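A.B. asks: I'll drop the sequence and a predicted model, then ask my questions.
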Amino acid sequence: MAASSTMKTKHLSKFAVDFLNDNFSDDVKSLSGVKDIFTKMKDSKESLESQLSLASSEIPSEVDLAVSNVETAQIAIRRLQGEKESLHHNVKDQTHSLQPMVSDVTSLIEQVQHLQKYIKYLSFITKVEHLSSDIQTSILTDGFEISVESFHELKRVYTDLQETDCKHLLKFTSETINFWHKILKNKLASQFEDVLKSLGWPFVGTSLKTPPSQSPELRAHMETLFSQLLLIQLPDGLRDTAQRSEESLDNQPLLLPLQLMVKSFRKRFRFHFYGSRQTNSIDKPEWYFAQVLGWIRDHTHFLDQRVQPILSKTGHETVSAKVEFMRGMVALVTEKMTNDLPDTMYDEHTFSHLVDEAILFDRELKDGYSYPLGLPCCLSVLTLPRAFHKWIMVEKQFAGAKMDVTLASPSAWQSQYKDIADVDELKVPECGESFITLMLTITDRYKGLPSVIHKVRFLKLQLHLLEDFRIRLVQVMQGVIHDPLCDIFCAIINAAYYVTEVLQEWCNLPFFLQIQYQHLTLEPDTSTQPSASVSSPATQSSPVTQSSPTSVSSPSILTTASSPSSDLSLYEGLEDVAEELETSLFEEAIDTFNQLKTEMLKNIVKCIVLDVQSRSQAYRKDRWLLLSSQKETSLTLSSSACEMLLVLKDHLTHIQAQLSKPLFTLAWQRLTDKLDKFMLEEVILQNRFNDGGASQLEFDMTRNLFPLFGEFTNKPENYFRQVNEAIKLLTMETGTSLLMKEVLIHESSPTPGKDSSVYNALHEIGIFKLTPQTCRVLLDIKVNS
């Protein structure tokens, strides 16, 4: 307490001191305001006292009221607790007294519930038997309309029983449905087929030339039978396995009337393309593909005009009669392909022909008849593990053989459009064009595959072929590397550049972007993956590929396609997907071809520079110091420079004719950089110049060397900046050169990029490229007259 009192006293003392300091200054005159402050504080004190008095008079009454309310609440709580205890004891006693009766009633209730279940069970049996009896009676009296309605009601009973545990009841119902379905289907199918025959279905042979008349009564009868067949369509759970396999490849059944309409085509198809008929030839798959396409073409109008309206009337608006018919036709084709596949795979040419025809058939269905992408297609047969592995092997083998033939052709390194200047800007050799055409053909062949996993496998094959082609280019290049200016060497670099440009365009194509995105975001179904990887047929590759130590370069996105554990890491989050999408599918292939192009371009430039240097010996030894001053109009090219410049001109003309325009631009720009450095270091800095020599050098460079590149750029001097600036220093007036020399001597080691007087002085006379040290050397070799 003493400590608390002491702290309070200190606080009050501090407050008083602060108050006095705030209200009075060091000036004695400030004490005149004491009376006003006293009056103000007194008024504040009286106001607080009045408020405190008012509060002390009101609070006791409120406290008394609150205490009274609490006491009343306590009394009510005690009363309710007593009532609760009494009620609890009464309920407990009542429960105890009624327990025997509850046990008896519970037993009776359970018996009643069992009886109710029996009654409901029997009611279902009765209903099934009643409906079965109605169906039988209607059939005996030829009342198919009533029998169809009763059968439809029987299907609803089966649907209601789907969640029941009464398996025997469900089995009884399903057996009853199957029993009557066979009878009704046979009777209605017989009538429906008769009506179809009367209508001329199927429209083949003579019926196409002279179609039978279609009376309104006949069309109405067809509509009735079609609707009745729809009503007796079995639920999915009641179809047996054999029936499912016949109906459709994906186990999604065709509508019953459409199954019957396809039935006649199935008979014709099996008659012509199975057994010992001449039309059944594994070498001629195009025969049955063409036949099926012909049937689809000839019956599309009838399906759209006669069948589709019936589907719309019966509540099947979302079902397309034409698409369902095509599904049935596709099922015929896939069954035939599956049947012939084991024999076809023994011969690579036969298998390849089957693949070609299947791709054409699938493309015609989708492009010509709008067959939906998500439905079964004949290509699904070719993506079965064994068939797909064979397909990859054949594609790789044929691609390798195609490259061998192309590279061995006498015109392999000649441009197909060499005589057309406007078209032949890239000067692509025939082998480069053929390889890209091969890649486009492969892309076109697998573009229609339904699974992204199989597309990725083909993409890996393309990456393998890209690397194989690059290795072949390298091997051919090694044979002519001693002459980098020869036609073949230039054709190789043109081919590499062309492949790079095409791949960069492919990186932005929606097709390849979609493959990349789907592979990253959709978890592949590993059960559908072929057992062998794309690189498995490596033993079948050409000797060129086998002898190379370089393996296929492919992005990491593709190297995990055959590893389920690796695939899982691709789906951890959208951030990972975004990072992977930043890398294109062909990025590594582009890099390898760019490296090849860069190295070959260096060799071309190096060869030209070395040749020019070897022809410049006499020019470098000219006695520039002894040349007499001449007027500019009387200057002529130095005789020692003629051979050097003539060789340079010939080389420029040659590579301009051989290289593609973008490559030639890179070549002459790199060449100017090398020549600029060579002329400065080997010609100018190695000699001494008087005014006449400097003028002659200026004439040789600005009037002869620079104009050689004037055909390719408006300002060739911008590519010889070091030589141009050196000439400026050598041809400066004597006084200016002496002043500049003094500036360079005083600033012996200026710092680049800073506000140095040396750099300012050099910039004023147009010197930006040369270093101050080089400028000083140039001024030293200039002999002032």
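C.D. replies: Thanks, I have the structure now.
A.B. asks: which helix runs longest in this protein?
C.D. replies: When the chain is scanned for its longest helix (criterion: DSSP state H), the result is helix 34-140.
A.B. asks: what helices or strands is that helix leaning on?
C.D. replies: In terms of contacts (3 or more Cβ pairs under 8 Å, 6 or more residues apart in numbering; DSSP states H and E), helix 34-140 is packed against helix 144-160, helix 167-198. Backbone N, C-alpha and C define where each C-beta goes, glycine included.
A.B. asks: in terms of mean pLDDT, which of those helices ranks lowest?
C.D. replies: Ranked by mean pLDDT, those end with helix 144-160 at the bottom, a mean of 85.
A.B. asks: between helix 34-140 and that one, find me the angle.
C.D. replies: Orientation of helix 144-160 against helix 34-140 (axes from the mean of the first three to the mean of the last three Cα atoms, to 10 degrees) gives an angle of 140 degrees.
A.B. asks: counting by contacts, list what helix 144-160 packs against.
C.D. replies: For helix 144-160, the contact count by 3+ Cβ pairs under 8 Å, 6+ apart identifies helix 34-140, helix 167-198, helix 216-231 as packing neighbours.
A.B. asks: taking helix 144-160 as reference, get the angle to the shortest one.
C.D. replies: It refers to helix 216-231. Computed by the same axes, to 10 degrees, the angle separating helix 216-231 from helix 144-160 equals 20 degrees.
A.B. asks: so what's V609 closest to, chain neighbours aside?
C.D. replies: Here the nearest residue to V609 in space, its sequence neighbours aside, is K674; by Cβ to Cβ, 6 or more residues apart in numbering that works out to 4.7 Å.
A.B. asks: return the distance of D36 relative to D43.
C.D. replies: Computed with Cβ to Cβ, to the nearest Å, the distance linking D36 and D43 is 11 Å.
A.B. asks: over to G237?
C.D. replies: G237 sits 96 Å away from D43, taking Cβ to Cβ as the criterion.
A.B. asks: then F351?
C.D. replies: Counting by Cβ to Cβ, the gap between F351 and D43 amounts to 113 Å.
A.B. asks: re earlier: how far away from the center of its chain is the helix or strand that the residue nearest to V609 is a member of?
C.D. replies: Mapping K674 onto the secondary structure by DSSP states H and E places it in helix 661-678. In this view, helix 661-678 has its centroid 38 Å away from the chain centroid, taken as Cα atoms, centre = their mean, to the nearest Å.
A.B. asks: which helices and strands does the following helix or strand past it pack with?
C.D. replies: Proceeding C-terminally, helix 661-678 gives way to helix 691-700 as the next helix or strand, assigned by DSSP H and E. Other elements packing on helix 691-700 under the criterion 3+ Cβ pairs under 8 Å, 6+ apart are helix 721-730.
A.B. asks: what packs against the helix it packs on?
C.D. replies: helix 661-678, helix 691-700, helix 772-781.
A.B. asks: give me the phi and psi for P372.
C.D. replies: phi -60, psi 150 (degrees, to the nearest 10).
A.B. asks: what pLDDT does it get?
C.D. replies: What the model reports for P372 is a pLDDT of 93.
A.B. asks: tell me how many other residues crowd it.
C.D. replies: By the other Cβ atoms under 10 Å criterion, the neighbourhood of P372 contains 12 residues.
A.B. asks: swap in F124?
C.D. replies: Using other Cβ under 10 Å, F124 has 19 neighbouring residues.
A.B. asks: isn't it right next to L169, touching?
C.D. replies: Yes. At 6.0 Å, F124 counts as touching L169 under the criterion of Cβ atoms under 8 Å.
A.B. asks: what sits in contact with each of the two?
C.D. replies: Counting by Cβ atoms under 8 Å, 6 or more residues apart in numbering, the shared contacts of F124 and L169 are L161.
A.B. asks: so what's N178 closest to, chain neighbours aside?
C.D. replies: Distances taken as Cβ to Cβ, 6+ apart put L238 closest to N178, at 6.3 Å, once the chain neighbours are dropped.
A.B. asks: and the spatially most central residue of the chain, what element?
C.D. replies: When Cα atoms, centre = their mean is applied to the chain, the residue found nearest the centroid is L513 (2.5 Å). Secondary structure assignment for L513, by DSSP H and E: helix 510-521.
A.B. asks: touching, N784 and L738? I think so.
C.D. replies: Yes. Look at N784 against L738 with Cβ under 8 Å: they come within range, at 7.3 Å.
A.B. asks: ok, F351 and D43, which is more surrounded?
C.D. replies: A side-by-side neighbour count of F351 and D43, using other Cβ under 10 Å, places F351 first with 21 against 10.
A.B. asks: for that one, what are its contacts?
C.D. replies: The neighbours of F351, taking Cβ under 8 Å, 6+ apart as the test, are 344-345, 390-391, 394.
A.B. asks: switch the cut-off to 7 Å
C.D. replies: Contact analysis of F351 by Cβ atoms under 7 Å, 6 or more residues apart in numbering lists 344-345, 390, 394.
A.B. asks: compare those and tell me which is most surrounded.
C.D. replies: Result: K390 is most packed of these (other Cβ under 10 Å), 23 neighbours.
A.B. asks: hmm, it is touching M345, no?
C.D. replies: Yes. In this structure, K390 is within contact of M345 by Cβ atoms under 7 Å, at 5.3 Å.
A.B. asks: circling back: so which elements touch the helix holding K674?
C.D. replies: Contact partners of helix 661-678 among helices and strands, from 3 or more Cβ pairs under 7 Å, 6 or more residues apart in numbering; DSSP states H and E: helix 487-506, helix 587-614, helix 639-658, helix 721-730.
A.B. asks: what's downstream of the second one, the next helix or strand?
C.D. replies: So the one you mean is helix 587-614. helix 617-620.
A.B. asks: mind putting the helices and strands packed on helix 34-140 in JSON lines, distance to I119 and mean neighbour count included?
C.D. replies: As requested, these are arranged in JSON lines below (distance: least, Cβ to Cβ, whole Å; neighbours: other Cβ atoms under 10 Å):
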{"stretch": "helix 144-160", "distance to I119": "16", "mean neighbour count": "18"}
{"stretch": "helix 167-198", "distance to I119": "13", "mean neighbour count": "16"}
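A.B. asks: got CSV for those, with distance to Q669 too?
C.D. replies: Supplementary listing: the helices and strands packed on helix 34-140 in CSV, determined by distance: least, Cβ to Cβ, whole Å:
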stretch, distance to Q669
helix 144-160, 79
helix 167-198, 76
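A.B. asks: count the neighbours of E425 for me.
C.D. replies: For E425, the neighbour count with other Cβ under 10 Å is 12.
A.B. asks: what's the domain layout of this structure?
C.D. replies: According to the domain assignment given by automatic domain parsing, the chain is divided into the following structural domains: 40-85, 121-238, 399-595, 620-781.
A.B. asks: show the average pLDDT along the longest one.
C.D. replies: If you average the pLDDT over domain 399-595, you get 76.
A.B. asks: just to revisit the earlier point, which one of the helices and strands packed on helix 721-730 lies closest to H221?
C.D. replies: Counting by Cβ to Cβ, H221 lies closest to helix 661-678 out of those; the figure is 72.9 Å.
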